[in-house]
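Asker: need coordinates for the following:
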Amino acid sequence: MSFITKLFSHHPQPEQTTSSPFVNWAGESGNEYPYTVYTFEDALPCLPGNYIYAKQTEGGEWIPLYIAQTRDMHQRLEGHEKMQDAMENGATHVHVHLSTAGQATRCSEERDLIQRWKPVCNEQIEG
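Answerer: The predicted model follows:
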């Protein structure tokens, strides 16, 4: 086994999905945020970011059911208390926007999106 092979064999690579669509979510401010669409079965990275539990209509439009931010996507979404609530409201996917810009930036994005979309599983934020 070569040194390079041995080096990389200790670091499993994330599985590549064949379909990983992207969605731009617009906030109340007009800012757009790029999200990657995952199923609930997909492994998520252990990185900070924002996420949206969403369902897709028959016409292909996405409806956000819950919007939040976290410092560790993988850890936060395992057994998340809002996942069941979102699934009961029809959620089939989680949309992820990885962001290492800091918690204040993630919270600003979260608030901007909640104000625009008013997801049924979020407590509503007054303007």
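
Asker: which strands and helices sit next to the longest helix seen in the chain?
Answerer: Secondary structure of the chain per DSSP state H: the longest helix is helix 103-117. Counting contacts by 3 or more C-beta pairs under 8 Å, 6 or more residues apart in numbering; DSSP states H and E, helix 103-117 packs against strand 22-26, strand 49-56, strand 62-70. Where C-beta positions appear, they are placed from N, C-alpha and C, glycine not excepted.

Asker: who does the spatially closest residue to residue 119 that is not a sequence neighbour form a beta bridge with?
Answerer: Using C-beta to C-beta, 6 or more residues apart in numbering and skipping residues adjacent in sequence, the residue nearest residue 119 is residue 64, 4.7 Å away. Listed by DSSP bridges, the beta-bridge partners for residue 64 are residue 54.

Asker: can you pull the contacts of residue 37?
Answerer: 20-23, 54, 93-95 (C-beta atoms under 8 Å, 6 or more residues apart in numbering).

Asker: and it, that one's in a strand?
Answerer: Yes. Looking at residue 37 with DSSP: H, G, I helix; E, B strand; the rest coil, it is inside a strand.

Asker: distance of the residue nearest to residue 119 from residue 73?
Answerer: As judged by C-beta to C-beta, to the nearest Å, residue 64 and residue 73 stand 17 Å apart.

Asker: on that earlier part again, list buried residues within the contacts of residue 37.
Answerer: With neighbours counted using 16 or more other C-beta atoms under 10 Å, those contain these buried positions: 23, 54, 93-95.

Asker: columns pLDDT on top of these, output as TSV?
Answerer: Putting the buried ones among the contacts of residue 37 into TSV (pLDDT from 0 to 100) gives the following:
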residue	pLDDT
23	96
54	97
93	95
94	94
95	96
